[in-house]
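**Student:** pasting the sequence and the predicted coordinates here, then a few questions.
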Number of protein chains: 2
Amino acid sequence: MNILLVYAHPEPRSLNGSLKDFAVQRLQRGGHVVQVSDLYAMQWKAALDAEDNTALQPGVRLDVSLNSRQAFENGTQSADIAREQEKLRWADAVILQFPLWWFSLPAILKGWVERVYAYGLAYGVGEHSDTHWGDRYGEGRFAGKRAMLVVTTGGWESHYGPRGINGPINDILFPIQHGILFYPGFDVLPPHVIYRTSKIDEVGFAQVCEALGQRLDALGTTAPIPFRKQNAGDYEIPALTLRPEIEPGREGLGIHLLRG
Amino acid sequence: MNILLVYAHPEPRSLNGSLKDFAVQRLQRGGHVVQVSDLYAMQWKAALDAEDNTALQPGVRLDVSLNSRQAFENGTQSADIAREQEKLRWADAVILQFPLWWFSLPAILKGWVERVYAYGLAYGVGEHSDTHWGDRYGEGRFAGKRAMLVVTTGGWESHYGPRGINGPINDILFPIQHGILFYPGFDVLPPHVIYRTSKIDEVGFAQVCEALGQRLDALGTTAPIPFRKQNAGDYEIPALTLRPEIEPGREGLGIHLLRG
């Protein structure tokens, strides 16, 4: 497969840096072709702004969606954005690797999403009708591609458990896995989370690599998280609420998963 | 009260820009003193990196937490960070105002959190023992201060409802409200969310301002979200899981709220 690894950590000699190097080697040995977007090394511009459309005239009021749409359609996007989109088109699978900072993506990686996810590419795709509300949540330009998060955190696994104080890890990651990856069509694999990173010694590092390696070996075959597709009949359109006869009386994030 | 409004939108002539101006005026008329951190206007540096500690020697391996701790303790933080921390100390209430981009904070605002929330200020505070696991989740340096999100989104309210496809708005905002605001001690007020922003005409704008104005008028008196405090007996320490006799058998984000 063609694999894009989007990686966000400021220190190459960190645990994250070592895991990134390990992942690239492991994937290459598995016969895959790998490209890495090392956002800190690239000095990726994090903040979306008017200059992301090179054709926007000075003084014109910036409409964020419209500016993105026009730049994408007219080929006037900033070159760094266009390059990342080309990698996304090329990739069969995308891995986002990052430390969980304040329970979410590092700002530089969030800014990669905001700037690369153009209107017409990652949103604003497809028709709207009584039975179809855009190509999203299971459809979209990235349909057929796989995606997976590789996440490190200083917190303990129990802190992110079903009753842990930080919230269950899959709920904390829902805005990313469902909102950023499933939305434009990716098949989202279960995340690979490495806990309590400050306690990892040399033996621990070998174990961490082995566990990550197994996940990478299975990248092409692991079953995706069974998020419900928006336009497959489970949701009322345009309210986009789960039909009352499905998971009756239940609320929350878990109802957006098909039961096995 | 002293109120800090942290605002993230690249276009002053946007809905968000107009709402920010409205909010400042309304708060000032209410007798409050307001400071605004307009992150785009300030050209806020979004990406946390080694340079955030002006004393870090070139070539030294960057440990993110340690670097933050040393810079905070030794007074060698980058000046832009120190200025924002001073505003936080001054403030009785903090408002974060932003468009919900990809179900989370804009990158520039996430980067404000990452850089301003130093070790020793927003985390790494307090002792760890069998009954107390750091001053966090209801304790911490920002205890006694109030915080509120003001959020705009193009999506419909039903899409963010209890059974909406995007996930319930309070679950989507949990990593921010619980993880970023409650964690260092803020009393977190219910969010003020403005939906379907592309459909707001002149009449709609007046209604939106009126609704926001009422929330701002009540900033000092609105009851906070009743998140459970970490060290008040509800959680096992150090596992930090909710005790089995509380909300028995339940899982998910909602169990971290006290029932009324």
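**Tutor:** Received the coordinates, thanks.
**Student:** only C-alpha atoms for contact and neighbour calcs from this point on.
**Tutor:** Fine.
**Student:** which residues touch residue A:147?
**Tutor:** Applying CA atoms under 8 Å, 6 or more residues apart in numbering or on different chains, we find residue A:147 in contact with A:93, A:94, A:95, A:96, A:181, A:186, A:187, A:188, A:189.
**Student:** cutoff 6 Å now
**Tutor:** A:93, A:94, A:95, A:188 (CA atoms under 6 Å, 6 or more residues apart in numbering or on different chains).
**Student:** now, which of those sits nearest chain B?
**Tutor:** residue A:188 (15.8 Å; CA to the nearest CA).
**Student:** can you redo the contacts of residue A:147 as TSV with distance to chain B?
**Tutor:** Output for these, formatted as TSV (distance: CA to the nearest CA, whole Å):
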residue	distance to chain B
A:93	20
A:94	17
A:95	18
A:188	16
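**Student:** restricted to strands, list those residues.
**Tutor:** The members of these that map onto strands under DSSP state E are A:93, A:94, A:95, A:188.
**Student:** for the last one, grab the count of nearby residues.
**Tutor:** Other residues within reach of residue A:188, judged by other CA atoms under 10 Å in any protein chain shown, total 25.
**Student:** close enough to count as contact, it and residue A:226?
**Tutor:** No. With contact defined as CA atoms under 6 Å, residue A:188 does not count as touching residue A:226 (8.4 Å).
**Student:** so where do the helices sit in the stretch 151-260 of chain A?
**Tutor:** Secondary structure of the stretch 151-260 of chain A (DSSP state H, counting those that start in this stretch): helices at A:169-172, A:174-176, A:202-217.
**Student:** now those helices in JSON lines, with mean neighbour count, distance to residue B:121 and mean pLDDT?
**Tutor:** Output for these, formatted as JSON lines (neighbours: other CA atoms under 10 Å in any protein chain shown; distance: least, CA to CA, whole Å; pLDDT from 0 to 100):
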{"stretch": "helix A:169-172", "mean neighbour count": "21", "distance to residue B:121": "23", "mean pLDDT": "98"}
{"stretch": "helix A:174-176", "mean neighbour count": "22", "distance to residue B:121": "27", "mean pLDDT": "98"}
{"stretch": "helix A:202-217", "mean neighbour count": "14", "distance to residue B:121": "30", "mean pLDDT": "97"}
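**Student:** out of those, which comes closest to residue B:222?
**Tutor:** Evaluated over the helices of the stretch 151-260 of chain A, closeness to residue B:222 peaks at helix A:169-172, with 26.4 Å, by CA to CA.
**Student:** gap between that closest one and the chain center?
**Tutor:** In this view, helix A:169-172 has its centroid 14 Å away from the chain centroid, taken as CA atoms, centre = their mean, to the nearest Å.
**Student:** same question for stretch A:253-260.
**Tutor:** With CA atoms, centre = their mean, you get 19 Å for stretch A:253-260.
**Student:** give the buried residues for it.
**Tutor:** A:253, A:254, A:255, A:256 (16 or more other CA atoms under 10 Å in any protein chain shown).
**Student:** closest to residue A:136 out of those?
**Tutor:** residue A:256 (14.0 Å).
**Student:** where exactly do the strands run in chain A?
**Tutor:** So, for chain A - with DSSP E - the strands run A:2-7, A:33-38, A:93-99, A:146-152, A:187-188, A:192-194.
**Student:** which of those strands sits most buried?
**Tutor:** Using mean count of other CA atoms under 10 Å in any protein chain shown, the stretch among the strands of chain A with the greatest mean number of neighbours is strand A:187-188 (a mean of 26).
**Student:** tell me the strands beside that strand, with direction?
**Tutor:** Paired neighbours of strand A:187-188 in the sheet (DSSP bridges): strand A:146-152 (parallel).
**Student:** next, the angle from the strand it pairs with to strand A:2-7.
**Tutor:** Relative orientation of strand A:146-152 and strand A:2-7, computed by axes from the mean of the first three to the mean of the last three CA atoms, to 10 degrees: 30 degrees.
**Student:** low-confidence regions, the stretch 101-250 of chain A specifically.
**Tutor:** Under the criterion pLDDT under 70, no range of the stretch 101-250 of chain A is flagged.
**Student:** what does it put close to chain B?
**Tutor:** When proximity is defined as CA under 6 Å from any CA of the partner chain, the stretch 101-250 of chain A approaches chain B at A:103, A:107-108, A:110-111, A:158-159, A:162-165, A:167, A:175, A:239-242.
**Student:** I am finished for the moment; much appreciated.
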